[in-house]
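Undergrad: Below is the structure, and that's it, no one-letter string:
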């Protein structure tokens, strides 16, 4: 029998949703697998905001699996949506693609050079690969296949028969002014608003035809576009006549045999809730405002004999270190982009530790180093038993799923250290191994493989997200002019450092040394804590560090000094410091 873990005051948001979903599933469909759902439109790069559409139900589904219940996580690929606009910034795409606007995404050619048969498959493939790396287990459903195979025929005929009821529901909202969208103040100019969720949220609801309301839109039999208007429909024979405003084509078909069209979005979504028996599905802000898809769907789903899923509205996902973008313009960061610079565990953690209605940011700039520091501190607390229950839950969900732990780095060295080493060595792996093996002489690194894949992620971040003018280039020759100009205290600080190099040649040792030199010069012990020192010691340390950076790399700042010293090597450090 499944073990039901009831939520408590200390339970995390995933456990609380799992409780609710299990209870609701047993009420609606006892004895059947729990069904949770996501919807993704492969109209362009599927970005990190869209990933929340998947990660929220994934985490809930995984918790339900951990408790022993059968569960299905459906991902509906909305690949039968219309191609709405030509995204900018996508390689192999230019304005000539505008001729395809209005066609199903699966009828649009893939970007030039793609190995995939059409536009939808091209963008779907990248997301599928990322989800596999993230450990997301799902059942994919192509809406193109569903519609063109006739799987929804009964539902379409039912919707057409009850079009008056659907129209009456929609009419409640057509005359109401749209509520102003609540804006979340961006934390900085790099805020990414993930407003393009599943389906075409702005698609018309079928009310434009002069012959009356029809919740179904055919794709033209001549030009394949959905710029069509239904002009007549007979319920008994199911004969439907439509005309295309794009090319002038018109025809009469039997809807009971016709598979080249789809229900309009606000009807299509609730139809699928009923068809699939969905218990839990989150929705983005674009589908959750008054009069929008999720709210209206909650009434329309009853026409199909179903109930609206339970599920939260999820908030924006911000990006730090990249310009503000939207997925339709191209270039927006995708899960694949994030997984090039961070391990799957860290990315999972960012989604797991925040409630769906809380916004958060994914770092592509220097902030990624702080995030990794925070992650490593959490791992240490979990290991020694000092982490809070909610933090333990988020960590556990990040490192693995009900199927087991995700592949991990054997020696998870600090990300900022790995990034500094990758920066300084510029791709020379033998030099990188030399430096990393000296970090802890008592337990030296045997090969770079022990530090992978984290090392590879840090190297990719350095190579793709750190501007060339911020890269570290160690001096070839000593700065003799600067060395000659040093006053007596500065010369003494350099001498104290050089005298201690041999005995402190490790990451911890050099950290103690570089911070200790200004303390010793001021007459304190190198072991003195900040509480035991006057404020001016910090000023002296900053001045000493700046001097070392100038002598080693010709700048005021650079990688952490202990890492930089190890990277440069003891012999070269002595030469550059004038010994």
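TA: Cool, the structure landed. On a predicted model such as this, the values are computed, not experimentally measured, just so you know.
Undergrad: Following the chain past the worst-scoring helix or strand of the chain on mean pLDDT, name the next helix or strand.
TA: For the chain, using mean pLDDT, DSSP states H and E, the weakest element among its helices and strands is strand 283-284, scoring a mean of 86. For strand 283-284, the succeeding helix or strand toward the C-terminus, using DSSP states H and E, is helix 293-300.
Undergrad: other SSEs contacting that following helix?
TA: helix 163-174, helix 265-276 (3 or more Cβ pairs under 8 Å, 6 or more residues apart in numbering; DSSP states H and E). Where C-beta positions appear, they are placed from N, C-alpha and C, glycine not excepted.
Undergrad: Might you list the low-confidence residue ranges for the chain?
TA: Low-confidence regions of the chain, defined here as pLDDT under 70, cover residues 1-11, 175-204, 207-209, 287-290, 322-331.
Undergrad: Single out the most deeply packed of the helices and strands packed on helix 293-300.
TA: Sort those by mean neighbour count, taking mean count of other Cβ atoms under 10 Å, and helix 265-276 sits at the top with a mean of 24.
Undergrad: Can you give me the neighbour number for residue 468?
TA: By other Cβ atoms under 10 Å, the residues close to residue 468 number 6.
Undergrad: Quick check on the nearest residue to residue 572 once chain neighbours are set aside: phi, psi?
TA: In space, and not counting its chain neighbours, residue 572 is closest to residue 474: 7.5 Å by Cβ to Cβ, 6 or more residues apart in numbering. With angles defined as degrees, to the nearest 10, residue 474 shows backbone torsions of phi -70, psi 140.
Undergrad: ok, residue 151 - how many residues close by?
TA: By other Cβ under 10 Å, 15 other residues sit near residue 151.
Undergrad: Who are the contact partners of it?
TA: When contacts are counted by Cβ atoms under 8 Å, 6 or more residues apart in numbering, residue 151 is found next to residue 145.
Undergrad: ok, the most centrally placed residue in the chain - contacts?
TA: The C-alpha lying nearest the average C-alpha coordinate of the chain belongs to residue 48 (Cα atoms, centre = their mean; 3.1 Å). If you count contacts by Cβ under 8 Å, 6+ apart, residue 48 has them with 192, 194, 317, 319, 332, 333, 334, 335, 337, 338, 362.
Undergrad: ok, now residue 241?
TA: Listed by Cβ under 8 Å, 6+ apart, the contact partners of residue 241 are 230, 231, 232, 233, 250, 251, 252.
Undergrad: To what extent is the closest residue to the fifth one other than its chain neighbours buried, counted in neighbours?
TA: Once flanking residues are discounted, residue 250 sits nearest to residue 243: 4.2 Å by Cβ to Cβ, 6+ apart. Other residues within reach of residue 243, judged by other Cβ under 10 Å, total 18.
Undergrad: ok, now the one 4 residues further on?
TA: Residues contacting residue 247 under the criterion other Cβ under 10 Å number 15.
Undergrad: sec struct for the residue nearest to it when sequence neighbours are not counted, please.
TA: The spatially closest residue to residue 247, leaving aside those adjacent along the chain, is residue 223, at 4.3 Å (Cβ to Cβ, 6+ apart). When states are read from DSSP: H, G, I helix; E, B strand; the rest coil, the local structure at residue 223 comes out as coil.
Undergrad: which residues touch the nearest residue to residue 46 once chain neighbours are set aside?
TA: Distance criterion Cβ to Cβ, 6+ apart; nearest residue to residue 46, sequence neighbours excluded, is residue 127 at 4.5 Å. Residues in contact with residue 127 (Cβ under 8 Å, 6+ apart) are 40, 42, 46, 334, 335, 336.
Undergrad: repeat that for 7 Å
TA: Residues in contact with residue 127, defined by Cβ atoms under 7 Å, 6 or more residues apart in numbering, are 40, 46, 335.
Undergrad: Now name the helix or strand holding it.
TA: Once you assign secondary structure using DSSP H and E, residue 127 falls within helix 119-133.
Undergrad: What residues of that helix count as buried?
TA: Applying a neighbour-count criterion of 16 or more other Cβ atoms under 10 Å, one finds 119, 120, 121, 122, 123, 124, 126, 127, 128, 130, 131, 133 buried in helix 119-133.
Undergrad: got it, and stretch 211-220?
TA: By 16+ other Cβ under 10 Å, the buried positions in stretch 211-220 come out as 213, 214, 215, 216, 217, 218, 219, 220.
Undergrad: still on that earlier bit, go ahead and confirm the residue nearest to residue 247 touches residue 246.
TA: Yes. If you go by Cβ atoms under 7 Å, residue 223 and residue 246 touch, sitting 5.4 Å apart.
Undergrad: quick one: which of these two has more around it?
TA: Comparing residue 223 with residue 246 by neighbour count (other Cβ under 10 Å), the higher total belongs to residue 223, at 18 against 15.
Undergrad: Next, give phi and psi for the more buried one.
TA: Reported as degrees, to the nearest 10, the phi and psi values for residue 223 are phi -100, psi 0.
Undergrad: repeat for residue 399
TA: Main-chain dihedrals, residue 399, degrees, to the nearest 10: phi -80, psi -10.
Undergrad: OK, contacts around it?
TA: 345, 405, 406.
Undergrad: follow-up on the earlier one: can you lay out the helices and strands packed on helix 293-300 as TSV showing distance to residue 548?
TA: As requested, the helices and strands packed on helix 293-300 are exported to TSV (distance: least, Cβ to Cβ, whole Å):
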stretch	distance to residue 548
helix 163-174	66
helix 265-276	61
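Undergrad: Tell me how many other residues crowd the nearest residue to residue 570 once chain neighbours are set aside.
TA: Counting by Cβ to Cβ, 6+ apart, residue 501 is the residue found nearest to residue 570 once chain neighbours are left out, at 5.6 Å. Taking other Cβ under 10 Å as the neighbour definition, residue 501 ends up with a count of 17.
Undergrad: Distance-wise, check residue 501 relative to residue 490.
TA: Taking Cβ to Cβ, to the nearest Å as the criterion, residue 501 is separated from residue 490 by 17 Å.
Undergrad: And for residue 281?
TA: 65 Å.
Undergrad: the more surrounded of these two?
TA: Neighbours per residue, other Cβ under 10 Å: of residue 281 and residue 490, the larger number sits with residue 281, 27 against 16.
Undergrad: OK, contacts around that one?
TA: For residue 281, the set of contacting residues under the criterion of Cβ under 7 Å, 6+ apart consists of 36, 37, 38, 57, 309, 311.
Undergrad: ok, now which residue in the protein is the farthest from the centroid?
TA: For the chain, the C-alpha farthest from the mean C-alpha position belongs to residue 488; by Cα atoms, centre = their mean, that distance is 53.2 Å.
Undergrad: Skipping adjacent residues, who's closest to residue 513 in space?
TA: Leaving out its chain neighbours, the residue that sits closest to residue 513 by Cβ to Cβ, 6+ apart is residue 504, at 4.2 Å.
Undergrad: what's the burial count for the one you found?
TA: 20.
Undergrad: Distance check, the closest residue in space to residue 86 that isn't next to it in sequence against residue 320.
TA: In space, and not counting its chain neighbours, residue 86 is closest to residue 97: 4.6 Å by Cβ to Cβ, 6+ apart. Taken as Cβ to Cβ, the spacing of residue 97 relative to residue 320 amounts to 31 Å.
Undergrad: Residue 78 is nearest to which of the helices and strands packed on helix 293-300?
TA: In this view, the helices and strands packed on helix 293-300 are compared for proximity to residue 78 by Cβ to Cβ, and helix 265-276 is the closest at 8.8 Å.
Undergrad: and that closest one, what does it pack onto?
TA: Packing contacts for helix 265-276, counted by 3 or more Cβ pairs under 7 Å, 6 or more residues apart in numbering; DSSP states H and E, involve helix 153-161, helix 293-300.
Undergrad: In a markdown table: those helices, plus distance to residue 432 and mean neighbour count.
TA: As requested, the helices and strands packed on helix 265-276 are exported to a markdown table (distance: least, Cβ to Cβ, whole Å; neighbours: other Cβ atoms under 10 Å):
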| stretch | distance to residue 432 | mean neighbour count |
| --- | --- | --- |
| helix 153-161 | 58 | 18 |
| helix 293-300 | 50 | 21 |
